[in-house]
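S.K.: compute the structure for the input listed below.
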Amino acid sequence: MSETDCELFLRDMALCLSTYQGTGPAMVWPERAHAILPMLLGTFGGTADAAWRPAPPGAGANRLATGLGDVIGRTVEAFERRLLAGSAISVDHTGADVLLFPVRGGARCRIDCQDHAPHAEGGLELRLRAGEIVYAPAGHGCTLSGANAPCLLLLLVLRATP
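M.R.: As a prediction, this is how the structure comes out:
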């Protein structure tokens, strides 16, 4: 992975955040995702995860979170999880903005607004594939399901600046 690949990938995530942060869910198809995804695969274990777990220190997911944090001026934490075929999981970080994407595989993603904003009637349902990123602002819940094979997921949680 070159520095340029990472810079372009981070630029597209930061552009999405600067445009949609706090207004509603959004999708981003970052440039150079094909070059970044292999860096993120190395930390997933061989067993199913029962919960979101912090990415191990030094892992590609943490380097990506740190890079994004530097670009947007916020603390960003990386969490990983495996979604097994036929199962469903929830993203329980509704107090913070999140970026969520499959590193390998794909899944159905349902985003519900929990603050009853008028733009969120019925929620949003989409299919996420490896490298496609969904942004969900605080107050929006996400449910992932519909994986045909084990799906490796990365969750970037954007913490408020002190």
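
S.K.: C-alpha from now on. contacts and neighbour counts both.
M.R.: Will do.

S.K.: let me see the mean pLDDT of the helix or strand hosting S18.
M.R.: Element membership for S18 (DSSP states H and E) is helix 3-20. Mean pLDDT, helix 3-20: 89.

S.K.: mind listing residues that contact that helix?
M.R.: 26-33, 35-36, 64, 67-68, 71-72, 135 (CA atoms under 8 Å, 6 or more residues apart in numbering).

S.K.: buried set for that helix?
M.R.: Residues 5-6, 9-14, 16-17, 20 are the ones in helix 3-20 that count as buried (16 or more other CA atoms under 10 Å).

S.K.: buried ones in stretch 73-82?
M.R.: Residues of stretch 73-82 classed as buried: 74-82 (neighbour count, 16+ other CA under 10 Å).

S.K.: out of these, which one sits closest to N148?
M.R.: Nearest to N148 among these, counting by CA to CA, is R82 at 12.5 Å.

S.K.: just to revisit the earlier point, off-centre distance for the helix holding S18?
M.R.: Distance, stretch centre to chain centre, for helix 3-20: 13 Å (CA atoms, centre = their mean, to the nearest Å).

S.K.: next SSE after that helix?
M.R.: With elements assigned by DSSP H and E, the helix or strand that comes after helix 3-20 is strand 26-28.

S.K.: list the buried residues of stretch 90-100.
M.R.: Counting neighbours by 16+ other CA under 10 Å, one finds that the buried residues in stretch 90-100 are 91, 93-94, 96-100.

S.K.: which ones among those map onto strands?
M.R.: Among the buried residues of stretch 90-100, the residues falling in strands (DSSP state E) are 91, 97-100.

S.K.: report the separation between the most centrally placed residue in the chain and S87.
M.R.: Geometric centre of the chain, nearest residue: L100, 1.5 Å, by CA atoms, centre = their mean. Applying CA to CA, to the nearest Å, the value for L100 to S87 is 17 Å.

S.K.: surely V98 touches H140?
M.R.: No. Look at V98 against H140 with CA atoms under 8 Å: they stay out of range, at 9.3 Å.

S.K.: thanks a lot, catch you later.
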